[in-house]
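>>> Here is my input, please return the structure:
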Amino acid sequence: MTVFDLSPKQLAQDRIVAERDLLDIHTIEGDMADLSVFVDNSYDLIVHPPSNLFVPAVHPVWAEASRVLRPKGIMLAGFMNPVEYMFDFDLLDNKGVSEVKNALPFSSLTSLTEEERSKCFGANAPIEFSHTFEDQIGGQLKAGFELTGFYEEYRQDDPIGEYMPSYFVTRAVKP
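You can find the predicted model right below:
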C-alpha cells in the first residue's frame, strides 16, 4: 500500500498509525496533480479522500489517477459538497445561522480576507477551493472513468448536516 500526500505532517501521522496497526505502507510526499513518480497502469485501487479542496484545479488529479490505474482498476473518490462554501463560516459555526455570503466556486485565498481566513480556518490553515460538480464528476468522465457508484454522507458535527449532505463519494472504473 502506498500513501501519497503533500503534507509531511500527514505522512508522519500515517506512519504512526501504520506502525500501531501493524500495516505495511510506503509513504511518498508529492502533489496529487502530479503522480509522475508512478508508472502508467501500476495500481488496482485508488482511495482518494475528500482532498480536492486543497487543489485549485481537479482535472489534472483525475487525469493522473486514470493514468496510474490499471485497466479495470477502481477509484473511490470523495469530495466536499461545494454548496457548503456559500455560507458565512463565522455565522454558521458560532450562531448556527445559514446565511449565504460566498459565490461559487469558492477559494479561501480570494473569497475571504486574510483576517476572515485566519478566523474561520486558523492562522496556518491551507488554502481551500470548492469545485463544481461538472469538474468533480464531469472531470472523472473526461479522464475516461466510468462511474459505477455514488454515495452521500451527512456531517453529524455541523449544523449544515441537518439540511444537506456534506460529502460525496464516487466509485469509478478505468475501462
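>>> now the strands for this structure?
Secondary structure of the chain (DSSP state E): strands located at 2-5, 26-29, 43-48, 69-80, 146-153, 167-173.
>>> Around the closest residue to Phe89 other than its chain neighbours, how many other residues sit close by?
Excluding the flanking residues, the one nearest Phe89 by CB to CB, 6 or more residues apart in numbering is Cys120, at 4.0 Å. For every residue, glycine as well, the C-beta is placed using N, CA and C. Applying other CB atoms under 10 Å, we find 16 residues neighbouring Cys120.
>>> quick one, what contacts Cys120?
Phe89, Asp90, Asp93, Ser108, Leu112 (CB atoms under 8 Å, 6 or more residues apart in numbering).
>>> would you turn the strands of the chain into JSON lines with mean pLDDT?
Below are these laid out as JSON lines (pLDDT from 0 to 100):
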{"stretch": "strand 2-5", "mean pLDDT": "96"}
{"stretch": "strand 26-29", "mean pLDDT": "97"}
{"stretch": "strand 43-48", "mean pLDDT": "98"}
{"stretch": "strand 69-80", "mean pLDDT": "98"}
{"stretch": "strand 146-153", "mean pLDDT": "98"}
{"stretch": "strand 167-173", "mean pLDDT": "98"}
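>>> before we move on, the earlier item: any idea how far Asp158 is from the residue nearest to Phe89?
According to CB to CB, to the nearest Å, Cys120 stands 13 Å off from Asp158.
>>> where does the spatially closest residue to Lys119 that is not a sequence neighbour land on pLDDT?
The spatial neighbour of Lys119 that comes closest, neighbours along the chain excluded (CB to CB, 6+ apart), is Asp90 at 6.5 Å. Note on Asp90: pLDDT of 85.
>>> Number of residues surrounding Asp90?
When neighbours are counted by other CB under 10 Å, Asp90 comes out with 14.
>>> go on, Leu147?
Leu147 has 14 nearby residues by other CB under 10 Å.
>>> next one: His48
When neighbours are counted by other CB under 10 Å, His48 comes out with 19.
>>> what separates the spatially closest residue to it that is not a sequence neighbour from Lys9, distance-wise?
Of all residues not flanking His48 in the chain, Ala77 sits nearest, at 4.1 Å (CB to CB, 6+ apart). In this view, Ala77 and Lys9 are 23 Å apart by CB to CB.
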